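Peer 1: my questions are about this predicted structure, shown below with the sequence.
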Amino acid sequence: MPRLSRWAIRAALLHLGLGFTLGAMILINKGLGVWPAVWRWLPAHIEFLLMGWTLQLVIGMGFWILPRFDQGQSRGNEPLAWIALGLLNTGVLATALGPVLGGPGWLPIAGRAMEALAGLSFSGHAWRRIKPPGA
Amino acid sequence: MPALTRWYIKTSLLYLIVALVIGGLLAGRSALGLPSEIGALSPVFFHLFMVGWVSELIFGVVYWMFPKMSRENPRGNAQVAWGTYVALNVGLLLRAVGEPMASLTGSTGWGVALALSAFLQWIAGMAFVVSTWPRVKER
């Protein structure tokens, strides 16, 4: 498993842990009504699990298992994939934590923009690797 | 494909079917003249889809395909892995029943069931993270 995949998958696992923890707190509150303020964390719970866990795991796995090139860099343009990883994690943190920690109103918008650029950057990396064997 | 992976993937396919049926009922509740209480299934639909289908499929494939821990102990502690599967599914099923029941009846018992469901799913998530972490390695 290449280095970028290890970073992406470990980051995805951390987001899974955060997302499950927030989800458990929200569900406990739903059942027992012990921490009403925890509802504020619902968007962060969704963000950590959809973008931080699922999307990031897919990026890590995609970088690992998509077809490689016989010549030059075997996994093609790696910097684009690293940029995607940086943008995605910064974007998830900005979108998830900005509103609950009292950040400025533009922070979640900037976070979403970073996530979109991460998608673009990873697609730019992966596009040429979607190819028949030997090409 | 190891036995635990087969259980995860087959279970995830069942969740996919159930989630899509519930999603269909939610989408068509007006057209089909279904009672408004069916709206209480909305969070169940999302969680059967995202936890039951997406995450369980991932858990099963990760257990199968990630680099082996060692030759003697290729996939880590099997009891922990099976315990994760059981806790996640008992927790999710408890939620699938308990969440609409708590919402419709307001009963304390169903509220406690939801808290138990949360705890079981959380334990499963943490156990998966901890047991997968050492398998995220070069080879």
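Peer 2: Alright, I've got the coordinates. Remember, predicted model here, so these are calculated numbers, not experimental data. Numbering: from 1, shown residues only, chains lettered A, B, ... in the order given.
Peer 1: does B:Ala115 really touch A:Trp35, like I thought?
Peer 2: No - counting by CB atoms under 8 Å, B:Ala115 stays clear of A:Trp35, with 11.6 Å between them. From N, CA and C alone the C-beta is placed, and that goes for glycine too.
Peer 1: tell me which of those two has more neighbours.
Peer 2: B:Ala115 (20 against 12; other CB atoms under 10 Å in any protein chain shown).
Peer 1: for that one, give me its contacts.
Peer 2: A:Leu27, A:Ile28, A:Gly31, A:Leu32 (CB atoms under 8 Å, 6 or more residues apart in numbering or on different chains).
Peer 1: quick check: buried residues in the host helix or strand of it?
Peer 2: Here B:Ala115, judged by DSSP states H and E, is contained in helix B:108-132. Buried residues in helix B:108-132, counted by 16 or more other CB atoms under 10 Å in any protein chain shown: B:110-111, B:113-129, B:131-132.
Peer 1: disregarding flanking residues, what is the spatial nearest neighbour of B:Gly28?
Peer 2: B:Leu34 (7.4 Å; CB to CB, 6 or more residues apart in numbering or on different chains).
Peer 1: for the one you found, the count of nearby residues, please.
Peer 2: 13.
Peer 1: enumerate the residues of chain B near chain A.
Peer 2: Neighbours of chain A within chain B, by CB under 8 Å from any CB of the partner chain: B:50, B:54, B:58, B:66-67, B:95, B:98-99, B:102, B:110-115, B:117-119, B:121-122, B:125-126, B:128-129, B:132-133, B:136-139.
Peer 1: if we use 6 Å, what do you get?
Peer 2: Selection of chain B residues close to chain A by CB under 6 Å from any CB of the partner chain yields B:Pro67, B:Gly111, B:Leu114, B:Ala115, B:Ala118, B:Trp122, B:Gly125, B:Val129, B:Val136, B:Glu138.
Peer 1: look up phi and psi at the nearest residue to B:Ala78 once chain neighbours are set aside.
Peer 2: Once flanking residues are discounted, B:Ala78 sits nearest to B:Leu4: 7.6 Å by CB to CB, 6+ apart. Backbone torsions for B:Leu4, taken as degrees, to the nearest 10, come to phi -60, psi -40.
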